[in-house]
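**Q** A structural model of the following input is requested.
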Amino acid sequence: MTHLKVLPPVTSETPPVDSEAFRASMRQLAVGVSVITAGQGTDRTGMTVTSLSSFSIAPPSLIVSINRAASIRPLLDRYRTFGASILGTGHNAVADRFAGVGGLKGNGRFIGEKWITLETGAPLLAGALAVFDCEIEEIIERHTHSIVIGLVKAARATEGSPLVHWQGQCRAFAG
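**A** Just a heads-up that it's a prediction; the model follows:
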């Protein structure tokens with residue numbers, strides 16, 4: 001029989017974990033890499049995330065955590081939709097561009113790739129492993145981030161190997 005250790009509750013007197021220790025520990029978690037996009041026409045932007053996750057199967061929904069200071073945040077409020085594109089092993093340049101490498105912003109991040117739309121008009125990467133077209137159900141503000149819950153209006157998937165983020169770098173999945 002397994003015995004569970006009961007820990008004391010976290011209180012305001014509990015010292016916070018050092019941010020560098022937290023960052024170093026989280027780098028041991030290998031996660032998929034996705035691009036979140038919002039907007040339409042030339043009024044669009046996006047960002048690379050590693051925080052995309054399934055939230056519910058009924059109704060189909062996703063959850064993603066986005067820094068409140070991110071340039072995509074106002075477009076999420078304005079359009080109330082977003083696209084999520086799961087990146088494959090050939091998408092390192094896309095991941096870098098949407099992470100801000102090279103300094104491109106807004107609509108400039110979309111150059112060099114083919115983009116599609118499905119139900120909501122949010123941009124989706126045509127060659128992604130999977131895409132999810134979402135309508136925002138709720139945005140919850142916590143600490144430095146917004147937790148965005150999206151109802152999936154359309155989804156498509158293809159075959160391939162995912163791009164993963166581990167130890168601060170995007171890498172091909174070796175599975």
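
**Q** I'd like the distance between the most centrally placed residue in the chain and residue 84.
**A** Nearest to the geometric centre of the chain sits residue 49, at 3.4 Å (CA atoms, centre = their mean). Residue 49 sits 8 Å away from residue 84, going by CB to CB, to the nearest Å. Placement of C-beta: from N, CA and C, glycine included.

**Q** which residues do those two both contact?
**A** Overlap of the contact sets of residue 49 and residue 84 (by CB atoms under 8 Å, 6 or more residues apart in numbering) consists of 34-36, 64.

**Q** Farthest pair within those residues?
**A** Across the shared contacts of residue 49 and residue 84, no pair lies farther apart than 35 and 64, at 10.8 Å, counting by CB to CB.

**Q** Need the mean per-residue confidence for stretch 117-129.
**A** For stretch 117-129, mean pLDDT rounds to 98.

**Q** now what about that stretch, what contacts it?
**A** Under CB under 8 Å, 6+ apart, the answer for stretch 117-129 is 35, 37-40, 44, 46, 79, 81-88, 90-91, 94, 110, 113-116, 131-135, 153-154, 156-158, 160, 162.

**Q** model confidence over stretch 64-80, on average?
**A** On average, stretch 64-80 scores 97.

**Q** how far is it from where the chain is centred?
**A** With CA atoms, centre = their mean, to the nearest Å as the basis, stretch 64-80 stands 11 Å off its chain's centre.

**Q** Mutual contacts of residue 35 and residue 64, please.
**A** Residues touching both residue 35 and residue 64 (CB under 8 Å, 6+ apart) are 49, 84.

**Q** What pLDDT does the model give the residue nearest to the centre of the chain?
**A** In this model, residue 49 is scored at 98, pLDDT.
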